[in-house]
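[1] Provided below for reference: sequence and predicted model.
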Amino acid sequence: KAGVTQTPRYLIKTRGQQVTLSCSPISGHRSVSWYQQTPGQGLQFLFEYFSETQRNKGNFPGRFSGRQFSNSRSEMNVSTLELGDSALYLCASSLGQGIIPNYGYTFGSGTRLTVV
Amino acid sequence: SQQGEEDPQALSIQEGENATMNCSYKTSINNLQWYRQNSGRGLVHLILIRSNEREKHSGRLRVTLDTSKKSSSLLITASRAADTASYFCATGAGNMLTFGGGTRLMVKP
């Protein structure tokens, strides 16, 4: 089956602009999570959506937002871009169900965002 | 913030040798997972160990978990050049993962 698809793969934006990244999860997976990876801070959790509802949010400013559509596809948006937002943004797909979610996540290849 | 630290930060070995990476974490967990990342690409899930398990095997991988010490180790046996990558432990609680800083493994042919 198809994996997790993230678009675009690379993006260059100017400070102050906004950007929207897209993630299509594995068919049947209802949970989509977003992570930011930078050399300084490592991998950090942004937010998680399940059935169009945000269930968890990491410690990021309000400039970072997301949403999930009825087909489970998700988008994340970063407004008023700063140089420090340059990072690899990773999307992870999972079934999302269960009281204790003992399952692995399937990650996309990521979107590398460069802010200049 | 990151859950814990991985040790060592970098490891260089010869093909055929074993590689051991350690991970420590800080809070209660449902499970601990290990992921591999090649050259800044996406993460690949390797293995998951639940909080009530002590050891798990998958092919050339062996993972141990010591919840009393809040630590885990990943052993890759008979390493290959293709194992060259960064390896991350991640603790699962709720519906999110908290990652360690990673170990960069280089396997020389």
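    All right, it came through fine. All figures in this text were calculated on a predicted structure; none of them were measured in a lab.
[2] for A:Arg112, what are its contacts?
    Counting by Cβ atoms under 8 Å, 6 or more residues apart in numbering or on different chains, A:Arg112 touches A:Arg9, A:Tyr10, A:Leu11, A:Ala87, A:Leu88, A:Tyr89, B:Gly40. For every residue, glycine as well, the C-beta is placed using N, CA and C.
[3] just the strands from the chain, written as ranges.
    In the absence of a named chain, this looks at chain A. Assigned by DSSP state E, chain A shows strands spanning A:5-7, A:10-13, A:19-24, A:31-38, A:42-50, A:53-57, A:64-68, A:74-78, A:87-94, A:106-107, A:111-115.
[4] my question was about chain B
    Counting by DSSP E, chain B has strands at residues B:6-7, B:10-14, B:19-24, B:31-37, B:43-50, B:55-58, B:61-66, B:71-76, B:85-93, B:96-99, B:103-108.
[5] can you list these in a markdown table and add mean pLDDT?
    Formatted as a markdown table, the strands of chain B follow (pLDDT from 0 to 100):
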| stretch | mean pLDDT |
| --- | --- |
| strand B:6-7 | 86 |
| strand B:10-14 | 97 |
| strand B:19-24 | 96 |
| strand B:31-37 | 94 |
| strand B:43-50 | 93 |
| strand B:55-58 | 96 |
| strand B:61-66 | 97 |
| strand B:71-76 | 97 |
| strand B:85-93 | 91 |
| strand B:96-99 | 89 |
| strand B:103-108 | 97 |
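[6] so which of those strands gets nearest A:Phe107?
    When the strands of chain B are compared by Cβ to Cβ, strand B:43-50 sits nearest A:Phe107, at 4.2 Å.
[7] parallel or antiparallel, list what pairs with the closest one.
    strand B:31-37 (antiparallel) (DSSP bridges).
[8] next, the buried residues of the partner strand.
    B:Asn31, B:Leu32, B:Gln33, B:Trp34, B:Tyr35, B:Arg36, B:Gln37 (16 or more other Cβ atoms under 10 Å in any protein chain shown).
[9] then stretch A:64-76?
    So stretch A:64-76, judged by 16+ other Cβ under 10 Å, has buried residues A:Phe64, A:Ser65, A:Gly66, A:Gln68, A:Ser72, A:Ser74, A:Glu75, A:Met76.
[10] export it as PDB, just CAs?
    The C-alpha coordinates for stretch A:64-76 follow below in PDB (Å, rounded to 0.1, in the frame of the first residue of the first chain):
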ATOM      1  CA  PHE A  64       1.900  27.000  13.900                       C
ATOM      2  CA  SER A  65      -1.500  25.600  13.200                       C
ATOM      3  CA  GLY A  66      -2.900  22.600  11.500                       C
ATOM      4  CA  ARG A  67      -6.100  20.900  10.400                       C
ATOM      5  CA  GLN A  68      -7.300  17.500   9.200                       C
ATOM      6  CA  PHE A  69      -9.900  16.800   6.500                       C
ATOM      7  CA  SER A  70     -12.600  14.100   6.400                       C
ATOM      8  CA  ASN A  71     -10.300  12.000   4.200                       C
ATOM      9  CA  SER A  72      -7.600  12.100   7.000                       C
ATOM     10  CA  ARG A  73      -5.300  14.300   4.900                       C
ATOM     11  CA  SER A  74      -3.700  17.000   7.000                       C
ATOM     12  CA  GLU A  75      -2.200  20.300   6.400                       C
ATOM     13  CA  MET A  76       0.000  22.400   8.700                       C
END
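[11] can you list the residues of chain A near chain B?
    A:4, A:31, A:33, A:35, A:37, A:42-45, A:48, A:50, A:55-56, A:58-59, A:88, A:90, A:92, A:96, A:100-110, A:112 (Cβ under 8 Å from any Cβ of the partner chain).
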